[in-house]
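Novice: sequence and predicted structure below; questions after.
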Amino acid sequence: MGEVLSQSEIDNLLAALSTGELDVEQMQEDSAKQAKNYDFKRPAKFSKEHLRTLEIIFEHYGRLISTNLPVYLRKNIQVNVVSSETVAFSEFTNALSNPVILGIINFQPLVGNVIIELASNIGYAMIDRMLGGQGIPLEKLRDFSEIEMTIIEKLMVVCMQLMRDPWKNVVEINPMMERIETNPQFVQVISPNDMIAIVTMNIKIGDIEGLMNICLPYFTLETIMDKLNTKFWFSTMKEGAEDDYEEHIEALLKRVTVPVKAVLGKSSVSVNDFLNLQLGDIIRLDSKVDSELSVFVGNIEKFTALPGSSKDSYAVRVTSVLREEKVK
């Protein structure tokens with residue numbers, strides 16, 4: 001709805017028109033919509049809605065990086081999405097420095113590769129932290145050594161695996177790191193004129209800041225473009241929130257292994273007797289043969305049992321369950 005004018009404003013406009021202060025033709029020219037040039041050789045295949053959805057996905061991805069990478073680097077990390085844009089792949093590669101850290105990722109089950117570009121100063125800061133330093137980058141850039149590339153590859157694989165969760169509302173992916181390149185000439189994985197979406201993220205490790213660019217080719221995302229909209233995104237989030245996770249959590253807990261031990265008894269011996277123990281010596285315990293044993297789950301006494309055997313193995317038969325936990 002247009003702006004509603006008051007009666008006094010209408011009177012002033014009519015007065016200005018009658019005196020010639022306002023030119024009607026000039027007003028019509030000013031209000032006409034300006035046409036924008038469109039390059040048909042490089043069509044904009046990503047809409048603003050697509051880019052906004054990608055920003056939402058990688059905002060989630062940034063939170064995962066800032067939570068998981070400090071485990072390896074032992075330093076606080078801040079990650080946030082800076083921008084998203086659509087460019088030709090040639091523009092992306094021409095803007096790359098040398099050396100640069102480029103992770104080529106197979107974005108299964110989608111077709112094609114996704115590229116992660118990590119700024120060199122951030123790479124050197126990560127290497128310095130992993131080797132026990134303060135996380136300070138080099139003053140003068142140089143090529144990475146084989147040992148440094150091994151460290152970078154490990155961290156890049158960690159970052160790559162974190163992509164699974166942010167993308168699950170759109171598609172279940174199984175990313176695999178194909179290789180890491182430091183020379184931009186070796187990353188011609190798609191045609192130079194193909195369009196890509198670039199999501200730029202700012203990474204701050206202590207006082208060191210650098211950029212991470214995620215390059216997403218159009219033909220890789222072409223089959224899921226209809227799902228890259230906020231309406232689909234929030235609808236799938238709502239459906240997921242309504243799911244009952246109780247059975248899922250219970251199933252996960254059932255697979256957790258816990259140590260269980262049955263204590264036959266206790267005894268005190270001198271250090272000298274302990275050092276002189278030989279095969280066949282007898283240690284007298286403080287419990288009787290027919291007395292119940294204490295069974296511990298972890299360090300908590302949970303059961304009482306009687307000793308016995310099962311086939312060729314020692315065993316105990318549970319006689320009671322202790323409801324009150326006794327921490328030992």
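Specialist: Perfect, thanks for sending it.

Novice: quick one: contacts for residue 220?
Specialist: By Cβ atoms under 8 Å, 6 or more residues apart in numbering, the contact set of residue 220 is 107, 110-114. (Each C-beta comes from the backbone N, C-alpha and C, glycine too.)

Novice: so can I have CSV of those residues showing pLDDT and distance to residue 75?
Specialist: Written out in CSV, the entries for those read as follows (pLDDT from 0 to 100; distance: Cβ to Cβ, whole Å):
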residue, pLDDT, distance to residue 75
107, 86, 29
110, 86, 33
111, 85, 37
112, 84, 34
113, 88, 30
114, 90, 27
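
Novice: where strands are concerned, which of the residues you listed count?
Specialist: Residues from these lying in strands, with DSSP state E as the criterion: 107, 113-114.

Novice: reformat those residues as CSV; add neighbour count and distance to residue 255.
Specialist: Written out in CSV, the entries for the ones in strands among the contacts of residue 220 read as follows (neighbours: other Cβ atoms under 10 Å; distance: Cβ to Cβ, whole Å):
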residue, neighbour count, distance to residue 255
107, 21, 29
113, 21, 34
114, 22, 32
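
Novice: which one of these is nearest residue 83?
Specialist: residue 114 (17.7 Å; Cβ to Cβ).

Novice: that closest one and residue 216 touch, don't they?
Specialist: Yes: contact criterion Cβ atoms under 8 Å: residue 114 and residue 216 qualify, at 5.8 Å.

Novice: still on that earlier bit, of all the contacts of residue 220, which two lie farthest apart?
Specialist: By the measure Cβ to Cβ, these have their two most distant members at 111 and 114, which lie 11.0 Å apart.

Novice: okay, now the unreliable bits of the stretch 1-150 of the chain?
Specialist: Across the stretch 1-150 of the chain, the ranges flagged by pLDDT under 70 are 1-7, 20-44.

Novice: again, only using 90
Specialist: 1-58, 60, 64-77, 83-103, 105-113, 115, 118-146, 148-149 (pLDDT under 90).

Novice: show me where it has its helices.
Specialist: Counting by DSSP state H, counting those that start in this stretch, residue ranges of the helices within the stretch 1-150 of the chain are 7-19, 24-31, 48-73, 89-94, 120-130, 146-161.

Novice: need the ones you listed in CSV (columns: distance to residue 103 and mean neighbour count).
Specialist: Formatted as CSV, the helices of the stretch 1-150 of the chain follow (distance: least, Cβ to Cβ, whole Å; neighbours: other Cβ atoms under 10 Å):
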stretch, distance to residue 103, mean neighbour count
helix 7-19, 60, 10
helix 24-31, 50, 8
helix 48-73, 13, 17
helix 89-94, 14, 17
helix 120-130, 11, 22
helix 146-161, 5, 16
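
Novice: export those as a markdown table, with columns for distance to residue 280.
Specialist: Written out in a markdown table, the entries for the helices of the stretch 1-150 of the chain read as follows (distance: least, Cβ to Cβ, whole Å):
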| stretch | distance to residue 280 |
| --- | --- |
| helix 7-19 | 111 |
| helix 24-31 | 107 |
| helix 48-73 | 50 |
| helix 89-94 | 77 |
| helix 120-130 | 53 |
| helix 146-161 | 52 |
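
Novice: looking at the ones you listed, which is closest to residue 307?
Specialist: Ranking the helices of the stretch 1-150 of the chain by proximity to residue 307 (Cβ to Cβ) places helix 48-73 first, at 43.5 Å.

Novice: summarise which helices and strands the closest one is packed against.
Specialist: The helices and strands touching helix 48-73, judged by 3 or more Cβ pairs under 8 Å, 6 or more residues apart in numbering; DSSP states H and E, are strand 77-88, helix 120-130, helix 146-161, helix 164-167, strand 195-205, helix 230-242.

Novice: turn the ones you listed into CSV, including distance to residue 256.
Specialist: Output for the helices and strands packed on helix 48-73, formatted as CSV (distance: least, Cβ to Cβ, whole Å):
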stretch, distance to residue 256
strand 77-88, 29
helix 120-130, 30
helix 146-161, 22
helix 164-167, 21
strand 195-205, 34
helix 230-242, 24
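
Novice: quick one, which of the ones you listed is nearest to residue 178?
Specialist: With distances scored as Cβ to Cβ, the stretch of the helices and strands packed on helix 48-73 nearest to residue 178 is helix 146-161 (10.3 Å).

Novice: pop the domain breakdown of this protein in here.
Specialist: 48-239, 258-264+286-328 (automatic domain parsing).

Novice: what's the most buried one of the ones you listed?
Specialist: Mean neighbour counts were taken over the domains of the chain using mean count of other Cβ atoms under 10 Å, and the top value, a mean of 17, falls to domain 48-239.

Novice: export stretch 256-271 to CSV, keeping only CA atoms.
Specialist: Output of stretch 256-271 as CSV, limited to C-alpha atoms (Å, rounded to 0.1, in the frame of the first residue of the first chain):
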residue,chain,number,x,y,z
VAL,A,256,26.8,-48.2,25.8
THR,A,257,29.3,-50.5,27.4
VAL,A,258,29.8,-50.2,31.2
PRO,A,259,32.3,-52.1,33.4
VAL,A,260,30.8,-54.7,35.7
LYS,A,261,32.8,-56.4,38.5
ALA,A,262,32.1,-58.9,41.2
VAL,A,263,34.2,-58.5,44.3
LEU,A,264,35.1,-61.9,45.9
GLY,A,265,36.5,-60.3,49.0
LYS,A,266,39.3,-58.1,50.4
SER,A,267,42.5,-58.8,52.2
SER,A,268,45.5,-56.9,53.6
VAL,A,269,49.1,-58.1,53.1
SER,A,270,52.5,-56.5,53.7
VAL,A,271,54.6,-55.3,50.9
